[in-house]
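Here you go, sequence then predicted model.
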Amino acid sequence: MSLRRGRALVTIGGEIDLCTEQALVSALREAVGRGARGVDLDLTGTTFCDCSGLRALLAARHHAQRSGKTLTIRAASRPVQRLLSATGTQALFTSRGRSPHLPSERSILSAADTQEDALSRDEDLHTEVAQLRRAMQTRPVIDQAIGVLMASFRLSPEDAWNVLVAVSQNTNTKLHQLARQLVTAVQGSALDEAVQQHLGAALLALRTPTSPARQPAEEGDGCEEVT
């Protein structure tokens, strides 16, 4: 985030969805507080945005308006443009503000919820291909990390997987990134202190018969899907 002429410029990249919605709301509220006149958003690097992201943007706009400021989108990627176009919200994020002919924000969010599936259909194939590529790239290192845990702590494959998932969730680290850390640690690299602490806690919980941590991790836990 940078400041220029009383406005905060915020660049947002990656995916905006349910997993990142609250973090984005908090970041934009901070930006509104720092920009004396308002906030300008650069969303050219945003690769995905669903109605959760739209809710975050509308919440930030409402917060800015209550403070006598504006929130505008100066540039946006194609996924963001398509969402704004389908929900009729482009004009809400321009310097001109709101037209009297625009629907209310509540009706916009309702329309966004009903149109989200239609918007995603065109991108389903690209998303599936991207997920398959990511799975092919990350699965080997995850398998290696499971092997490391099995060999180092005499765990079963199931327990090693559960420990890996628990540490990933507790450290807010993507599974494949954590796996890579464990593999490189065996090769002599230092393991992050937080990872060490949560790894020890997960192993201790695993050896406690009454601990719920010993229950197998359910598919869909967390925000990352592993295939």
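Perfect, thanks for sending it.

Flag the shaky bits of this protein, pLDDT-wise.
Within the chain, the stretches with pLDDT under 70 are 96-138, 209-227.

Strands of that one, start to end?
Using DSSP state E, the strands assigned to the chain run over residues 2-4, 7-11, 14-16, 38-43, 46-49, 70-76.

Which among the ones you listed is found nearest to V167?
Taking CB to CB, strand 14-16 is the member of the strands of the chain nearest to V167, at 22.7 Å. C-beta: built from backbone N, CA, C; applies to glycine.

So what sits opposite V39 in the bridge?
Beta-bridge partners of V39, counted by DSSP bridges, are A8, L71.

Next, count neighbours for it.
Using other CB atoms under 10 Å, V39 has 26 other residues around it.

Adding distance to D143, write the strands of the chain out as JSON lines.
Putting the strands of the chain into JSON lines (distance: least, CB to CB, whole Å) gives the following:
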{"stretch": "strand 2-4", "distance to D143": "42"}
{"stretch": "strand 7-11", "distance to D143": "36"}
{"stretch": "strand 14-16", "distance to D143": "25"}
{"stretch": "strand 38-43", "distance to D143": "36"}
{"stretch": "strand 46-49", "distance to D143": "27"}
{"stretch": "strand 70-76", "distance to D143": "39"}
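
how about those strands, which one is nearest T94?
T94 sits nearest to strand 70-76 of all the strands of the chain, at 6.0 Å, using CB to CB.

So what touches that closest one?
By CB atoms under 8 Å, 6 or more residues apart in numbering, the surrounding residues in contact with strand 70-76 are 9, 28, 32, 37-44, 46, 57, 60-61, 64-65, 80, 84, 93-95, 97.

Please, where are all the helices along the protein?
Using DSSP state H, the helices of the chain run over 21-34, 51-66, 78-87, 105-153, 157-170, 175-186, 193-206.

For the closest residue to G33 other than its chain neighbours, give me phi and psi.
Closest residue to G33 apart from its sequence neighbours, by CB to CB, 6 or more residues apart in numbering: S67 at 8.0 Å. Torsion angles at S67 (phi, psi; degrees, to the nearest 10) stand at phi -100, psi 10.

What's the local residue count around S67?
For S67, the neighbour count with other CB under 10 Å is 14.

Isn't it up against V32?
Yes. In this structure, S67 is within contact of V32 by CB atoms under 8 Å, at 6.2 Å.

Check the gap between the residue nearest to G33 and V165 for me.
Separation of S67 from V165 (CB to CB, to the nearest Å): 41 Å.

list the buried ones in stretch 36-49?
Buried positions in stretch 36-49, judged by neighbour count with 16 or more other CB atoms under 10 Å: G38, V39, D40, L41, D42, L43, T46, T47, F48, C49.

With stretch 140-159 instead?
Buried residues in stretch 140-159, counted by 16+ other CB under 10 Å: V141, I142, A145, I146, V148, L149, M150, L155, D159.

now the second one, nearest residue through space, not along the chain?
The one in question is I142. Spatially, and ignoring its direct neighbours in sequence, I142 is nearest to A179 (4.5 Å; CB to CB, 6+ apart).

show me what contacts that neighbour?
Contact partners of A179, counting by CB under 8 Å, 6+ apart, are T138, V141, I142, Q144, A145, I146, L164.

quick one: T47 and R78, what's the gap?
T47 sits 9 Å away from R78, going by CB to CB.

Only the buried residues of stretch 59-69, if you could.
Neighbour-count burial for stretch 59-69 flags A59, A60, R61, H63, A64, K69 (criterion: 16+ other CB under 10 Å).
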